[in-house]
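Participant: Output the structure for:
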Amino acid sequence: MRFYYYKYGTFYHEMKAKLMHLGFHLRALENGFYDKKTGEQLEVDGIFFKINKI
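Facilitator: So this is what the prediction gives:
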């Protein structure tokens with residue numbers, strides 16, 4: 001079952017794979033929204049970086 005908090009939302013692992021394919025690296029995750037009844041994480045903020053070689 002796929003659950004989207006937003007109508008056109010993307011799952012974390014899907015977005016991370018897309019960004020890594022583009023050369024970005026995950027630096028940190030910050031808590032977002034969660035379900036207060038179940039404790040399930042519904043949203044996170046990811047901080048990614050890309051180092052350009054000169």
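Participant: Quick one: name whatever helix or strand follows the helix or strand harbouring Met15.
Facilitator: Per DSSP states H and E: Met15 is located in helix 12-21. Note on helix 12-21: by DSSP H and E, the next helix or strand toward the C-terminus is strand 25-31.
Participant: For that next one, enumerate the helices and strands it packs against.
Facilitator: helix 12-21, strand 44-49 (3 or more Cβ pairs under 8 Å, 6 or more residues apart in numbering; DSSP states H and E). For glycine as for every other residue, the C-beta is placed from the backbone atoms N, C-alpha and C.
Participant: So which of those is nearest Gly32?
Facilitator: strand 44-49 (4.9 Å; Cβ to Cβ).
Participant: tilt between that closest one and strand 25-31?
Facilitator: 160 degrees (axes from the mean of the first three to the mean of the last three Cα atoms, to 10 degrees).
Participant: for strand 44-49, the distance to its chain's centre please.
Facilitator: 7 Å (Cα atoms, centre = their mean, to the nearest Å).
Participant: What are the contacting residues of that strand?
Facilitator: Strand 44-49 has contacts (Cβ atoms under 8 Å, 6 or more residues apart in numbering) with 12, 15-16, 19, 24-32.
Participant: what about burial for those residues, which qualify?
Facilitator: Burial by neighbour count, judged by 16 or more other Cβ atoms under 10 Å, picks out 16, 24 from the contacts of strand 44-49.
Participant: Turn the contacts of strand 44-49 into TSV, columns for distance to Val44.
Facilitator: Formatted as TSV, the contacts of strand 44-49 follow (distance: Cβ to Cβ, whole Å):
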residue	distance to Val44
Tyr12	6
Met15	10
Lys16	10
Leu19	13
Phe24	15
His25	16
Leu26	11
Arg27	13
Ala28	10
Leu29	5
Glu30	7
Asn31	7
Gly32	5
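Participant: Alright, that wraps it up for me.
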